[in-house]
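Asks: Sharing a model prediction with you, sequence too.
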Amino acid sequence: MQQSAAAPTEQEMTRARDVLKIVSDAYSARMVGQDRLRTSLLIALIAGGHILLESVPGLAKTTAASTLAATVQADFKRIQCTPDLLPSDITGSQIYDAAHGTFRTVLGPVHANFVLLDEINRSSAKTQSAMLEAMQEKQTTIGGELHKLPRPFLVIATQNPIEQEGTYELPEAQMDRFLLKEIVDYPSPAEELEVLNRIDAGILDPDHPGDGKVTLDDVRDLQSIASRVHVDPAIRNYIVSLVYVTRNPAPYIGEDRARYIKYGASPRASIAFLQAARAFALLQGRAYVIPEDVRSLRHVILRHRVLLTFEGQADGVRSEDLIDAIFGAVPTP
C-alpha cells in the first residue's frame, strides 16, 4: 500500500504564509480591489493549473497577470489572439540559417512561466488546440523535437463576453482544461477613484519598482506544500458526490431546474476541486481542507463545466444558480 506524503511542517507553513503575504501585498499595491481575481490567480498558480477570465476590456487583467509575474520574478509573455494567429506563432518554429546551412529552433512565447492569452476566442480552432495541448502536456513539438515548458507554467486566458463577431467559441472539451473560470466585474466608484489617484502618483507606471520579491523556487515550494495539504476522506466523498449530482441532477434539484442542465461535470472537476481546495486552504494558512473551502470554490470550478441547454440560455438561467442548488442538495460533511 502506497504511503501518503508527509503533511506540511509548521516551518513550511510559516514560510508559505510569508511568501504569500509578499505576493498579496505586491498585488494590492498595484491593483485596486479585485480580491477575488487575486485569490483565483494564486490558486491556479499554487495548484499548477490554468485560469480563464471573462470580462469586458479595460479591467486590468493584463496588469494583474504582469504584477504577479514580476513579483515572483517570472518570465511573462502576452499573446494578442487574432483570427490569423498561427500555431507556430505561439509554440515556435524552425528557421533556416543560410550562413550555416542549417535550421535553428526559435521558441514561441508560450515558453514562459506566465502566458497571457488575450481574447483566446478570437484565435482559430487550430491555434486554440495547439495552445491547449501545450497547457495539458507541458511541452511543445517543433520540427519533431520536444521542448519542455518551464515550471511553474501558468496560462491566463481571457475572453470578451460582449463582442462575438469574428470569434471562435471554445469547445466544451477545451474549456474543461482550465482549472478555474473567473468573471471579472467592474470596480465600484470608490475603487475607480483610487485607480485615478494611483495613476497620478505613478504607482501604475510599468517601471514603478515593487516592494518585495519572491523567486520561482519559492513558488515551486508552495506547490509542493499545497500538494501535501490534508484532505479527509469525508471531504473527498463530498467532492465526488457534488460532481455526480451535476450529471444526475433531477432526483436532487427537481425536474424543473434539472432540464436546464445539458451536461454535467467530468472527473476533471473532481480533480480540480481537490487541487484548488488544497491551494485555497494554504492561502488561508491551514494544512488541511474544510468543507467551506470546497463550497467557496464552487462557482470558479463548475461555471464552465455545468453546461446549460438552449432552453436554459433562452430563459436567462445562470449556471451559478444551478450550482448553488446542487450544493444545497448535497449534505455537508
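Replies: Now that the structure is in, tell me what you want to look at.
Asks: okay, CA-based contacts and neighbour counts for the rest of this
Replies: OK.
Asks: Tell me the spacing between the residue lying closest to residue 203 once chain neighbours are set aside and residue 97.
Replies: The spatial neighbour of residue 203 that comes closest, neighbours along the chain excluded (CA to CA, 6 or more residues apart in numbering), is residue 30 at 6.5 Å. Residue 30 sits 43 Å away from residue 97, taking CA to CA, to the nearest Å as the criterion.
Asks: re earlier: surely the residue nearest to residue 203 touches residue 65?
Replies: No. Taking contacts as CA atoms under 8 Å, residue 30 lies outside contact range of residue 65: 11.2 Å.
Asks: next SSE after the worst-scoring helix or strand of the chain on mean pLDDT?
Replies: Within the chain, no helix or strand scores below helix 172-175, which has a mean of 78 by mean pLDDT, DSSP states H and E. Once the chain leaves helix 172-175, the next helix or strand it forms, by DSSP states H and E, is strand 180-183.
Asks: Let me know the average pLDDT across the helix or strand immediately after that next one in the chain.
Replies: Downstream of strand 180-183, the next assigned helix or strand under DSSP H and E is helix 189-200. Helix 189-200 shows a mean pLDDT of 86.
Asks: Okay, buried residues for helix 189-200 please.
Replies: Within helix 189-200, the residues scored as buried using 16 or more other CA atoms under 10 Å are 195, 198.
Asks: residues making contact with stretch 243-254?
Replies: For stretch 243-254, the surrounding residues in contact (CA atoms under 8 Å, 6 or more residues apart in numbering) are 255, 257-259, 263-267, 269-270, 306, 323, 325-326, 329-330.
Asks: Please spell out the ChimeraX selection for the buried subset of these.
Replies: In ChimeraX syntax, the buried subset of the contacts of stretch 243-254 is picked out as below (16+ other CA under 10 Å):
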select :257,258,264,265,266,269,270,306,323,325,326
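Asks: Which pLDDT value does the model give residue 128?
Replies: So residue 128 comes in at 81 (pLDDT).
Asks: I figured it was touching residue 120, is that so?
Replies: Yes. Counting by CA under 8 Å, residue 120 is a contact partner of residue 128 at 7.2 Å.
Asks: who's more crowded, residue 30 and residue 97?
Replies: residue 30 (20 against 11; other CA atoms under 10 Å).
Asks: The one residue sitting closest to the centre of the chain bridge partners, please.
Replies: Most central in the chain under CA atoms, centre = their mean is residue 51, positioned 1.9 Å from the mean C-alpha point. Taking DSSP bridges as the rule, residue 51 bridges to residue 156, residue 180.
Asks: give the contact list for it.
Replies: Counted by CA under 8 Å, 6+ apart, residue 51 has contacts 40, 41, 44, 154, 155, 156, 157, 178, 179, 180, 181, 182.
Asks: repeat that for 10 Å
Replies: Applying CA atoms under 10 Å, 6 or more residues apart in numbering, one finds that residue 51 lies in contact with 40-41, 43-45, 116, 154-158, 175, 177-182, 300-301.
Asks: all strands for this structure, in order.
Replies: Secondary structure of the chain (DSSP state E): strands located at 51-54, 76-80, 92-97, 102-107, 114-118, 139-142, 145-148, 154-159, 180-183, 261-263, 307-308.
Asks: What lies in contact with the last one?
Replies: For strand 307-308, the surrounding residues in contact (CA under 10 Å, 6+ apart) are 172, 246, 258-265, 313-314, 317-319, 322.
Asks: let's go with 8 Å and repeat that
Replies: 260, 261, 262, 263, 264, 319.
Asks: possible to save the residues you listed as TSV with pLDDT and distance to residue 287?
Replies: TSV is the format used below for the contacts of strand 307-308 (pLDDT from 0 to 100; distance: CA to CA, whole Å):
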residue	pLDDT	distance to residue 287
260	94	38
261	94	35
262	91	37
263	89	34
264	91	30
319	91	31
